[in-house]
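1. Quick one, what's the 3D model for this:
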Amino acid sequence: MGERPKLAAASHQRWLSHHRVLSPEPGPAQFRALARVLVATLCLLGLLSPARAWDTTFAYQAWWMPQAWKTAPVDGIDRLLFFDLPVEVDGSIRQTRGWPQQWQGMLEELQRGGPPTDLVLTILDAKRFDAVFTSDDATARLLAQSTALLADGKAKGLHLDFEVYTEIHPDVLARFRGFVAALRRNLKAQQPSHVLSVFVPMGGVTAMYDGPLLQSMDWVIVQGYDAHWAGGPSAGPLSPLDGDYHLTWTKIVQQVAAWGLSRRKVLISYPLFGYEWQTLQAKPLAATAKGGITTTLRWVDPAYLPDLRVNVNERVGVHGTSNDELSGSAYYRFTHQGKPHVGWYEGIWSMQRKREFLQNNLLGGVAFFVLGYDNHSLLRDHALARHQQSPAAKAARHLSFGPR
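-> Numbers count the residues shown, from 1 in each chain. Okay, here's the model as predicted:
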């Protein structure tokens, strides 16, 4: 599938940046609970049209994990996001990671009953973003080439993963937002069923999207992790529900409300990897002694991830694990050669807690990054939870709350 990244984390590490705080507190819990009961009753009586809630599942199929889809429980995935097609500084899309020629086997298999595939376009640094959207020619080239990607009918949508955390000049921001709106028009004119979704990074100096633009998207994936990161100053949960962190799922819900989005089309990204740090103390939230490493949740074939050789399953088998109730995340601790180490991850218990949160807040679901980093153990558990719904729960999950 082309040259593998020296540390597949090289590709995904650019996708993992630290973020800052969000906005105000949601309405009272009692009101939300009453509203859910009322909407569930109306749905069961057939007086309210159903809308999916909590169980919509996307997964990122990374180009450096070409075998991941073969053993994945694809019946538990609603859309597969092919990651990634990087945008060049002139707005062209030259590196397609072998799409579609080298992925015919996947396409043929998925056409026999699997999920549709969307192509992920990426701009993961501010300089490239500025180069593209300060130029009319580059912006026009990107619009034309992006639209053309769906012309052969193999991919069914596009997903924009453009990430800038520094200040964006107003003219550049306006051209970018105009591009997104124009791309949506092009795709719908090309085929009304074509899907445009966006990844929304949290904590940047300038908000890349505003409420009206996000409302026009088919799906919105909000970054739900990197409250702590490999090079950060302290160990801690990657994807906390709550706590004194700059990013939590609770704060994401507040931001979704501020955007005025229908919650049913909001997904939160969920990491199928963890981080492990050498720390100054043997405490779960200790300061780090040096940069951490990325861990996979389960063993992954070294042919695809030669530099990610630590997996959480083996670590907790030796050292045990602890669950942090506030964050809904898990961690393990051990000492090696007299030096303390702490690893945080989002495992099956964590996913159960996140699933409860999604259901309680009537959000659309999750987007797993990266498919195969858990050897599909967590994804299978999540797919099983979807299939084991009682009839009443199945009706109740098809709800949406808030602005439509």
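2. distance of the closest residue to residue 384 other than its chain neighbours from residue 339?
-> Once flanking residues are discounted, residue 384 sits nearest to residue 76: 7.9 Å by CB to CB, 6 or more residues apart in numbering. Placement of C-beta: from N, CA and C, glycine included. For residue 76, the distance to residue 339 (CB to CB, to the nearest Å) stands at 40 Å.
3. In terms of neighbours, single out the busier of these two.
-> residue 76 (20 against 13; other CB atoms under 10 Å).
4. Now do the contacts for that one.
-> Residues in contact with residue 76 (CB atoms under 8 Å, 6 or more residues apart in numbering) are 57, 379-380, 382-384, 386-387.
5. at 7 Å what do you get?
-> Each residue near residue 76 by CB atoms under 7 Å, 6 or more residues apart in numbering is listed here: 57, 379, 382-383, 386.
6. so of those, which ones are in helices?
-> Mapping the contacts of residue 76 onto helices (DSSP state H) picks out 379, 382-383, 386.
7. From the residues you listed, which shows the smallest pLDDT?
-> Lowest pLDDT within the ones in helices among the contacts of residue 76 is found at residue 386 (89).
8. my guess is it contacts residue 54, does it?
-> No. Look at residue 386 against residue 54 with CB atoms under 7 Å: they stay out of range, at 9.1 Å.
9. Tell me where the protein is predicted with low confidence.
-> For the chain, applying pLDDT under 70 flags the ranges 1-52, 389-404.
10. and the spatially most central residue of the chain, bridged to which residues?
-> What sits nearest the mean C-alpha location of the chain, by CA atoms, centre = their mean, is residue 269, with 2.5 Å. Taking DSSP bridges as the rule, residue 269 bridges to residue 367.
11. tell me the contacts of it?
-> The contact partners of residue 269, taken as CB under 7 Å, 6+ apart, are 221, 223-225, 367, 369.
12. Likewise for residue 114?
-> When contacts are counted by CB under 7 Å, 6+ apart, residue 114 touches residue 74.
13. what helix or strand is it on?
-> Here residue 114 sits in a region with no helix or strand, counting by DSSP states H and E.
14. Start the count at 26 instead of 1 going forward.
-> Got it, the first residue is 26 from now on, which makes the last one we talked about residue 139.
15. For it, give its distance to residue 291.
-> 24 Å.
16. State the number of residues packed around residue 410.
-> Residues contacting residue 410 under the criterion other CB under 10 Å number 16.
17. Correct me if wrong: it contacts residue 383.
-> No. Counting by CB under 7 Å, residue 410 stays clear of residue 383, with 10.9 Å between them.
18. Which strands or helices does the longest helix along the chain pack on?
-> Across the chain, the longest stretch assigned as helix under DSSP H is helix 195-215. Secondary-structure packing of helix 195-215 (3 or more CB pairs under 7 Å, 6 or more residues apart in numbering; DSSP states H and E): helix 151-158, helix 161-173, strand 220-225, helix 236-240.
19. what's the first one in contact with?
-> What that stands for is helix 151-158. The contact list for helix 151-158 (CB under 7 Å, 6+ apart) reads 112, 114, 116, 148, 163-164, 167, 187, 189, 191, 197, 200-201, 204.
20. any idea how far that helix is from the chain center?
-> Centre-to-centre, helix 151-158 and its host chain are 23 Å apart (CA atoms, centre = their mean, to the nearest Å).
21. Just the CA atoms of it, as PDB, please.
-> Only the C-alpha atoms of helix 151-158 are listed here, as PDB (Å, rounded to 0.1, in the frame of the first residue of the first chain):
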ATOM      1  CA  ALA A 151      -1.100  25.600   9.700                       C
ATOM      2  CA  LYS A 152       1.400  26.400   7.000                       C
ATOM      3  CA  ARG A 153      -0.100  24.100   4.500                       C
ATOM      4  CA  PHE A 154      -3.600  25.300   5.400                       C
ATOM      5  CA  ASP A 155      -2.600  28.900   4.800                       C
ATOM      6  CA  ALA A 156      -0.900  28.100   1.500                       C
ATOM      7  CA  VAL A 157      -4.000  26.400   0.200                       C
ATOM      8  CA  PHE A 158      -6.600  29.000   1.400                       C
END
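22. what comes up buried for that helix?
-> For helix 151-158, a neighbour-count test (16 or more other CB atoms under 10 Å) marks 151, 153-158 as buried.
23. what do you get for the longest one?
-> Residues 163-164, 166-168, 170-172 are the ones in helix 161-173 that count as buried (16+ other CB under 10 Å).
24. Those residues: which two are farthest apart?
-> Spatial extent of the buried residues of helix 161-173 (CB to CB) is set by the pair 163 and 172 at 15.1 Å.
25. now the longest helix of the chain against helix 151-158, angle please.
-> If you take axes from the mean of the first three to the mean of the last three CA atoms, to 10 degrees, helix 195-215 sits at 60 degrees to helix 151-158.
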